[in-house]
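sequence first, predicted model second:
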Amino acid sequence: MTAPKSGPEAVPVVRRRDESDSVFWEPAERWVRATAGELTIVDSRRPVLVWEPGRPVPLYAFPTEDVRTDLLRRTERPAGPRRHAGATVFYDLVLPDRTVGAAAWTYPGEELADYISFEWFGRDVLDHWYEEDEEIFVHPRDPHKRVDALPSSRHVQVEIAGTVVADTHTPVLLFETGLPVRFYFPREDVRLDLFTRTDGRTRCPYKGVASEYWSWAGDADVRPDIAWSYPDPLPSVGIIKDRVAFYDESVDVVVDGVRRERPVTFFSRPSR
């Protein structure tokens, strides 16, 4: 006879990870619109957010009746490694002044069969996207992601090829789900004289527009646009205004005397 268990059953404890090869989706209650020139291509109060395997950010998909399907033309599946999680039905977007190839698609499976999704990041497809009355950029905001910018008194240094290029006791630490912490330095604590200003410019749906970028001016083989700043960040992270951050993937960071291991992320690109 087996003795009854006297305590709670054991529960596995594992570090959170997502190794699934499935497409996940969930309803979104935001009013979403997208325009191309003077045309409204999408106007939906019933979108869904879709997460593709291997893609760190979500996309929207819309009921077909909320999309200008009269401007979509069936096309062949595009070549290349990105297939949008097995999608086989793709559409060109036919506009009065141009045609955008493979701009939209339908996901496989019954649950999303009557929804259409559009390209965002890295493609010049639609001109503007709006959630309610606020314009959004790059990709939809992930409701399961947080971005917190916190002032700190840690001693943080950044080195490139053995040269200390930033040194502060008043950093702002920016914690963004799924990415390594970013250290934002007061501009006066950064040796910007060792860098060259570039025309780099990026957008982030959580932080705004980073319109100031710098590349290392020395001989070390590091990636271009290694440092950046947000002159006018979104209000939720206003504390990083005019501060300078670095790609920790390509520099050496020392925090309170401890050298951090370089993270490996999407931004771990080859050096120049």
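The structure has been received and is ready for your questions. Numbering: from 1, shown residues only.

so residue 165 touches residue 156, yeah?
No: taking CB atoms under 8 Å as the definition, residue 165 is not a contact partner of residue 156, at 11.7 Å. Using the backbone N, CA and C atoms, a C-beta is placed for each residue, glycine as well.

so which of the two has more stuff around it?
It is residue 165, of residue 165 and residue 156, that has more neighbours when counted by other CB atoms under 10 Å, with 26 against 21.

what sits against the more buried one?
With contact set as CB atoms under 8 Å, 6 or more residues apart in numbering, residue 165 has these partners: 158, 159, 190, 191, 194, 195, 251.

ok, 6 Å please
Shown in contact with residue 165 (CB atoms under 6 Å, 6 or more residues apart in numbering): 158, 191, 194.

residue 190 now?
Counting by CB under 6 Å, 6+ apart, residue 190 has contacts 166, 244.

same question for the one 5 residues further on.
With contacts taken as CB under 6 Å, 6+ apart, residue 195 has the following neighbours: 214, 217.

residues in a beta bridge with it, which ones?
Here residue 195 sits in beta bridges with residue 216, as judged by DSSP bridges.

and the most centrally placed residue in the chain, how far is that from residue 183?
With the centre of the chain defined as its mean C-alpha position, the nearest residue by CA atoms, centre = their mean is residue 57, 6.0 Å away. Computed with CB to CB, to the nearest Å, the distance linking residue 57 and residue 183 is 23 Å.

re earlier: check which helix or strand covers the residue nearest to the centre of the chain.
If you go by DSSP states H and E, residue 57 is not part of any helix or strand.

contacts only, for it.
Contact criterion CB under 6 Å, 6+ apart gives residue 139 as the residues in contact with residue 57.

gap between it and residue 24?
Noted for residue 57: a distance of 12 Å to residue 24, by CB to CB.

report the rounded mean pLDDT for stretch 190-200.
For stretch 190-200, the mean pLDDT works out to 97.

ugh, typo on my part, it should be stretch 240-251
When pLDDT is averaged along stretch 240-251, the result is 97.

end to end, how far does that stretch reach?
20 Å (CA to CA, to the nearest Å).

gap between it and the chain center?
16 Å (CA atoms, centre = their mean, to the nearest Å).

same deal with stretch 237-257?
Taking the mean of its C-alpha atoms, stretch 237-257 sits 18 Å from the chain's own mean (CA atoms, centre = their mean).

buried set for that stretch?
Along stretch 237-257, these residues count as buried under the neighbour rule (16 or more other CB atoms under 10 Å): 237, 240, 243-253, 255.

any chance of CSV for those residues, columns secondary structure and distance to residue 150?
Written out in CSV, the entries for those read as follows (DSSP: H, G, I helix; E, B strand; the rest coil; distance: CB to CB, whole Å):
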residue, secondary structure, distance to residue 150
237, helix, 10
240, helix, 10
243, coil, 13
244, strand, 17
245, strand, 14
246, strand, 18
247, coil, 20
248, coil, 17
249, coil, 21
250, coil, 24
251, coil, 21
252, strand, 23
253, strand, 17
255, strand, 14
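
CSV for the residues you listed, including distance to residue 66?
As requested, the buried residues of stretch 237-257 are arranged in CSV below (distance: CB to CB, whole Å):
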residue, distance to residue 66
237, 32
240, 36
243, 40
244, 42
245, 38
246, 42
247, 39
248, 41
249, 39
250, 42
251, 45
252, 49
253, 46
255, 48
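
and the furthest pair within those residues?
Spatially, the most separated pair among the buried residues of stretch 237-257 is 237 and 252, at 25.2 Å (CB to CB).
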